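>>> everything below, folded, please.
(one chain, ligands or ions: 3)
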Amino acid sequence: METDMDSVRVESSLWIGNKRYRAFLSGWYFSWTEIDKGNREKKTISVPVSEVIGVKEGRVEIQPQKKVEDTDLDFTLFHVNRNSRGNAQGLTWSLGRTQFCCPSRAVRDQWITQHRTALKTHSPSRPHRLLVFINPFGGKKRGKQIFHSLVSPLFELAGISSHVVVTERANQARDYILKKDLTGFDGVICVGGDGMFSELLHGVIGRTQQEAGVSENDLTAMLQPCDLHIGVIPAGSTDCVCFTTVGINDPVTSALHIIIGDSQPLDVCSVHDQSTVVRYSVSLVGYGFYGDVLEESERHRWMGPLRYDYAGCMVYMCNRSYSGLVQYLPSDSQISSPRDNTRCLSGCRVCSESKERLFPHFDSSTSLYSSNVSQYSTELEGEWVTVEGTFKCISLTCVSSSCPRSPKGLSPSAHLADGTADLILVRDTNPLSFLTYLHRHTNKQDQFDLPFVEVHRVKAVRFSLPPGEEEDFEEEEEKIQSSAERVLEDPGKLCSNNIAGHSQQHLTGQKEKATSTSRLKRPGFVCGPCCTKPRSVSVWNCDGEILPQTEISCRIHGQLVRLFARGIEDSTRA
Ligand SMILES: Nc1ncnc2c1ncn2[C@@H]1O[C@H](COP(=O)(O)OP(=O)(O)OP(=O)(O)O)[C@@H](O)[C@H]1O
Ligand SMILES: CCCCCCCCCCCCC/C=C/[C@@H](O)[C@H](CO)NC(=O)CCCCC
Ligand SMILES: [Ca+2]
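Numbers count the residues shown, from 1 in each chain. Ligands and ions are numbered 1, 2, ... in the order given. Here you go, the predicted structure:
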């Protein structure tokens, strides 16, 4: 056996079953080449050290159950295996396992020691301790089972310790991150859907700004990029953030990306009203169709993930459109465009080149920003463009927002970390044309190649109602409030032609909304397809949350957070 202790180099004969191999560990790779009876070299298998999950003494299995056969000569190597599956965009990863037999115990121990040293020196960014939040009610309510049966055994194998919090209420994860001592944690993980991801996003951004003394409410402030990584184990209904950043919704694939310490920067959009930051978004700030679908779907949570399909059909049938004034600040069209037919894949050039532009004062040798940099961004300077009209929907997305329902996403050429978002304006059109637009999200046809659709790559957006709209709106609100009151007195009075058969509970909800949230400045959603008078104001859907504000300003913060992911791997190169 040959070893070089300084630079991690080991070489020896090893056996897998009855076949002999020449095995070699250099700094970055572990490879083994089969040697046939005539001493000729055959096929070589190579595993990058960065993709080794763990090395164990003996013959070890962890799935379906942990089993150890302790022998003096054997060691088991666990590593990432790539498989392509179905019509997913990315590759699924699974746990690969190879059992090696050594010529002596001393050689076996050398191999194990050297593998562990290689992991420390050549894969230094791996997490050691994680804070895990499980939403037991997300998606199909399988969060706990997914974590305990699929993820936790992998973390254990990789030597990662996790502190698990099973949430008991909404916003518990966000508040925990904002308030508790997080010393010693290398990352925060959610087991749930986009709503859980959003809690972690708000916790991590809020905490980082508090610690840096940056005012989140100031639209012009340079937000401090967040060091604490976020990991997502998909267990929700849509899992758009996971699908967009990994290419597939698979808990094992995501767990393996977390273990090897992958790091994917992500753009974030801050949404403001006149004086405060309202929320942060990664995947969708959407008005019109997507706002209405969300509002309708929230009333049918009991349907689980199917609620979006049901709500989608109902809202489509309502055939609504809304007038508004959209203003946007275009990004540099020389760098990229939403119609350039590119895909943001792992190692994306546009995203990596954006880093210097986004953080010109960052010194990568010290990982620090120079101290005399202005706290205020010049990003909002430039020429704003104004578009006034009537829209079926207005969508702003920092990323492609792909999901199993729409494998290319809302904007297929959007980038995860280029500091821009894509603004999609779908003008009022006939129902069939709008259906064509929606349907193109599910196939290979270009959804932007339609005369009533426009898309712009932007750094900031403002939305306001056309002058006079607010007054109509308040009038309308009064009407709805009094009609809700009448219906509560006699539920049979309204909507005898209501095909959706809305319950009294629904109407009670409407009354509560109409009476307690007059500051929302918008009427409630009365009763879906049976409404004869279309309402004039929609709601904003912000990553699956309804915003109480209608007039908002949005700004994109390039690479504000980091995920344990690497973007979508090119499946044609697997
Ligand atoms: N214990 C809990 N009880 C009630 N609500 C919770 C609890 N824990 C988290 N939540 C909230 O539930 C909401 C939905 O959860 P989650 O995102 O995990 O699932 P989902 O809505 O099914 O999936 P998706 O967001 O992908 O559509 C989140 O916004 C979160 O704030
Ligand atoms: C004829 C076939 C028509 C099919 C139309 C498919 C269109 C799909 C577009 C996909 C857009 C996904 C945008 C992501 C939004 C998420 O941040 C958010 C939280 O999970 N989800 C919703 O708001 C849930 C709202 C989802 C609406 C579908
Ligand atoms: Ca982007």
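
>>> show me where the stretch 251-400 of the chain has strands.
264-272, 277-281, 285-288, 322-330, 362-363, 368-369, 385-397 (DSSP state E, counting those that start in this stretch).

>>> wasn't residue 136 part of a helix?
No. Assignment of residue 136 by DSSP: H, G, I helix; E, B strand; the rest coil gives coil, placing it outside any helix.

>>> close to ligand 1: what parts of the chain are there?
135-139, 167-171, 192-196, 199, 236-239, 544 (C-beta under 6 Å from any ligand atom). In short, each C-beta sits where N, CA and C put it, glycine included.

>>> ok, of the strands of the stretch 251-400 of the chain, where does mean pLDDT dip lowest?
Of all those, strand 368-369 carries the lowest average pLDDT, namely a mean of 53.

>>> circling back to that earlier point, filter the residues of the chain next to ligand 1 down to the buried ones.
By neighbour count, with 16 or more other C-beta atoms under 10 Å, the residues of the chain next to ligand 1 hold 135-136, 138-139, 167, 192-196, 199, 236-239, 544 as buried.

>>> filter those residues down to the ones in strands?
Among those, the ones falling in strands (DSSP state E) are residue 192.

>>> out of the buried ones among the residues of the chain next to ligand 1, which touch ligand 2?
With the criterion set as C-beta under 6 Å from any ligand atom, the members of these near ligand 2 are 194, 238, 544.

>>> return the subset of the residues you listed lying in helices.
Of those, the ones assigned to helices by DSSP state H are residue 194.

>>> as TSV, the ones next to ligand 2 among the buried ones among the residues of the chain next to ligand 1 with distance to residue 129 and pLDDT would be great.
Listed next are those as TSV, based on distance: C-beta to C-beta, whole Å; pLDDT from 0 to 100:
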residue	distance to residue 129	pLDDT
194	25	97
238	29	87
544	29	95
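
>>> out of the ones next to ligand 2 among the buried ones among the residues of the chain next to ligand 1, who's nearest ligand 3?
residue 194 (16.8 Å; C-beta to the ion).

>>> can you tell me which residues contact the closest residue to ligand 3 within the stretch 201-350 of the chain?
As assessed by C-beta to the ion, ligand 3 sits closest to residue 267 within the stretch 201-350 of the chain, at 3.9 Å. Neighbour list for residue 267: 282, 398-399, 415-421, 556-560 [criterion: C-beta atoms under 8 Å, 6 or more residues apart in numbering].

>>> and the gap between it and residue 254?
Distance of residue 267 to residue 254, computed by C-beta to C-beta, to the nearest Å: 20 Å.

>>> list the contacts for whichever residue of the stretch 401-550 of the chain sits closest to ligand 2?
Residue of the stretch 401-550 of the chain nearest ligand 2, by C-beta to the nearest ligand atom: residue 544 (2.9 Å). Neighbouring residues of residue 544 by C-beta under 8 Å, 6+ apart: 193, 194, 195, 198, 238, 284, 294.

>>> may I see these organised as a markdown table, with distance to ligand 3 added?
Putting these into a markdown table (distance: C-beta to the ion, whole Å) gives the following:
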| residue | distance to ligand 3 |
| --- | --- |
| 193 | 21 |
| 194 | 17 |
| 195 | 21 |
| 198 | 17 |
| 238 | 19 |
| 284 | 13 |
| 294 | 22 |
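
>>> what does the helix or strand encompassing residue 45 contact?
Using DSSP states H and E, residue 45 maps to strand 41-48. Outside of strand 41-48, the residues within contact range by C-beta under 8 Å, 6+ apart are 22, 28-36, 77, 79-80, 96.

>>> what mean pLDDT does that strand get?
94.

>>> can you map out the helices along this structure?
Here the chain has its helices, by DSSP H, at 105-122, 143-146, 152-157, 172-179, 194-212, 240-246, 251-259, 289-298, 307-318, 349-358, 431-439, 469-489, 504-516.

>>> tell me the most buried of these?
Most buried of those by mean neighbour count (mean count of other C-beta atoms under 10 Å) is helix 240-246; its value is a mean of 29.

>>> reformat the strands of the stretch 251-400 of the chain as a markdown table; add distance to residue 538.
Formatted as a markdown table, the strands of the stretch 251-400 of the chain follow (distance: least, C-beta to C-beta, whole Å):
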| stretch | distance to residue 538 |
| --- | --- |
| strand 264-272 | 15 |
| strand 277-281 | 16 |
| strand 285-288 | 5 |
| strand 322-330 | 5 |
| strand 362-363 | 40 |
| strand 368-369 | 40 |
| strand 385-397 | 8 |
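
>>> now those strands as TSV including distance to ligand 2?
Below are the strands of the stretch 251-400 of the chain laid out as TSV (distance: least, C-beta to the nearest ligand atom, whole Å):
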stretch	distance to ligand 2
strand 264-272	11
strand 277-281	8
strand 285-288	7
strand 322-330	17
strand 362-363	30
strand 368-369	31
strand 385-397	7
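
>>> okay, those, which one's buried deepest?
strand 285-288 comes out most buried of the strands of the stretch 251-400 of the chain by mean count of other C-beta under 10 Å, with a mean of 26.

>>> from the chain's centroid, how far away is it?
Its chain's average C-alpha position is 18 Å from that of strand 285-288, according to C-alpha atoms, centre = their mean, to the nearest Å.

>>> then that strand to CSV, C-alphas only?
Provided in CSV are the C-alpha atoms of strand 285-288 (Å, rounded to 0.1, in the frame of the first residue of the first chain):
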residue,chain,number,x,y,z
VAL,A,285,-45.8,37.9,-6.8
GLY,A,286,-49.0,37.5,-8.8
TYR,A,287,-52.1,39.6,-9.3
GLY,A,288,-55.3,38.6,-11.1
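
>>> that one and ligand 3 in contact?
No. Applying C-beta under 5 Å from the ion, one finds strand 285-288 separated from ligand 3 by no less than 12.9 Å.

>>> residues from the stretch 51-200 of the chain in reach of ligand 2?
So the stretch 51-200 of the chain meets ligand 2 at residue 194 (C-beta under 6 Å from any ligand atom).

>>> in the stretch 51-200 of the chain, which residue sits nearest ligand 3?
Nearest residue of the stretch 51-200 of the chain to ligand 3 (C-beta to the ion) works out as residue 197 at 16.4 Å.

>>> surely that residue and residue 190 touch.
Yes. Judged on C-beta atoms under 8 Å, residue 197 makes contact with residue 190 at a distance of 5.7 Å.

>>> and the closest residue to residue 418 other than its chain neighbours, what does it touch?
The spatial neighbour of residue 418 that comes closest, neighbours along the chain excluded (C-beta to C-beta, 6 or more residues apart in numbering), is residue 354 at 4.5 Å. The contact partners of residue 354, by C-beta under 8 Å, 6+ apart, come to 335, 415, 417, 418, 419, 558, 559.

>>> hmm, residue 177 is touching residue 204, no?
Yes. Contact criterion C-beta under 8 Å: residue 177 and residue 204 qualify, at 6.0 Å.

>>> mind listing the shared neighbours of the two?
Taking C-beta under 8 Å, 6+ apart as the criterion, residue 177 and residue 204 both touch residue 188.

>>> which one of the contacts of residue 267 is nearest residue 100?
Residue 100 lies nearest to residue 416 out of the contacts of residue 267, by C-beta to C-beta, at 37.8 Å.

>>> count of neighbours near the closest one?
25 (other C-beta atoms under 10 Å).
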